[in-house]
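S.K.: The sequence and its predicted three-dimensional model are supplied below.
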Amino acid sequence: MKSQKAIIDLLILQCKNEDRKAQKEIYELFSPKILGVIYRYVPDYDTANEVLQLTFIKMFEQIDTFKGDNFSGWLCKIAINTSLNLLKQNKKYEQMQDINDMDRTEKLIVSASALDDSSDILRLITSLPRDERTLFNLRAIDGYSFKEIAKMLDISEANSRVKYHRTRTKLANVLKQIL
């Protein structure tokens, strides 16, 4: 019996030869995980599914450039970049706003007051304003450096650090208030 990695490697090779059946198998194997990644950046169901489709189209177009062992990580990176590009193109991506906005903080506290488990914490993060959520996801969940984040969001590295730490502090304060 073949290992999971051997199966994925074979599917990748078949996809490089434009095998439609292998493309479908790759899609079915990775789409749930990739949709979860995308949904952290684009919490609208229809838009997230649109980004999912674009991600796989880009992946299949660029599959000849994949040279490595971490196909899932490579695909996640494409998904994140596609999510950010769509937000920018649709003008949904806004300039970083003042994190101390009281109305948003109050809404965040109300959202957080219903926390029951770790999935609720993800909902709390999703309730952040888009700019804060994007920056937080890039750093805390996806592990990008501040330099990479600054480049992706077209802000200074220092600004990415400050905004991240303010958002993290904001989340910690909200959690302290409800726990």
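M.R.: In hand now; what should we look at?

S.K.: Just name the shakiest helix or strand of this structure by mean pLDDT.
M.R.: The helix or strand of the chain with the poorest confidence is helix 102-112; it has a mean of 43 (mean pLDDT, DSSP states H and E).

S.K.: For this protein, which segments count as helices?
M.R.: 4-16, 20-41, 45-62, 71-89, 102-112, 118-126, 130-136, 146-153, 157-178 (DSSP state H).

S.K.: which of these is buried the deepest?
M.R.: helix 130-136 (a mean of 21; mean count of other Cβ atoms under 10 Å). C-beta here means a position set from N, CA and C on the backbone, and glycine is covered the same way.

S.K.: Distance from that one to the middle of the chain?
M.R.: Relative to its chain's centre, helix 130-136 lies at 10 Å (Cα atoms, centre = their mean, to the nearest Å).

S.K.: For the closest residue to residue 141 other than its chain neighbours, give me its contacts.
M.R.: With sequence-adjacent residues excluded and distances taken as Cβ to Cβ, 6 or more residues apart in numbering, residue 141 is closest to residue 40, at 6.6 Å. For residue 40, the contact set (Cβ atoms under 8 Å, 6 or more residues apart in numbering) comprises 122, 125, 126, 133, 137, 141.

S.K.: from those residues, which two are the most distant?
M.R.: 126 and 141 (11.6 Å; Cβ to Cβ).

S.K.: got the contact list for residue 52?
M.R.: Residue 52 neighbours (Cβ under 8 Å, 6+ apart): 31, 34, 35, 38, 79.

S.K.: Any chance of TSV for these, columns distance to residue 6?
M.R.: Formatted as TSV, those follow (distance: Cβ to Cβ, whole Å):
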residue	distance to residue 6
31	21
34	21
35	25
38	27
79	24
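
S.K.: quick one, what contacts residue 42?
M.R.: 48, 51, 83, 86, 87.

S.K.: Can you tell me the closest non-neighbouring residue to the fourth one?
M.R.: What it means is residue 86. Per Cβ to Cβ, 6+ apart, closest to residue 86 is residue 51, 5.5 Å.

S.K.: Next one: residue 53 from residue 41, what distance?
M.R.: 15 Å (Cβ to Cβ, to the nearest Å).

S.K.: Per-residue confidence, the residue nearest to residue 86, what does it come out as?
M.R.: On the pLDDT scale, residue 51 is placed at 95.

S.K.: low-scoring stretches of the protein, by residue?
M.R.: Applying pLDDT under 70 to the chain flags residues 1-2, 90-120, 178-179.

S.K.: 80 instead, please
M.R.: Applying pLDDT under 80 to the chain flags the ranges 1-2, 68, 89-124, 174-179.

S.K.: dump the residue contacts of the spatially closest residue to residue 26 that is not a sequence neighbour.
M.R.: Of all residues not flanking residue 26 in the chain, residue 11 sits nearest, at 5.2 Å (Cβ to Cβ, 6+ apart). Contact analysis of residue 11 by Cβ under 8 Å, 6+ apart lists 22, 25, 26, 29.

S.K.: Alright, that wraps it up for me.
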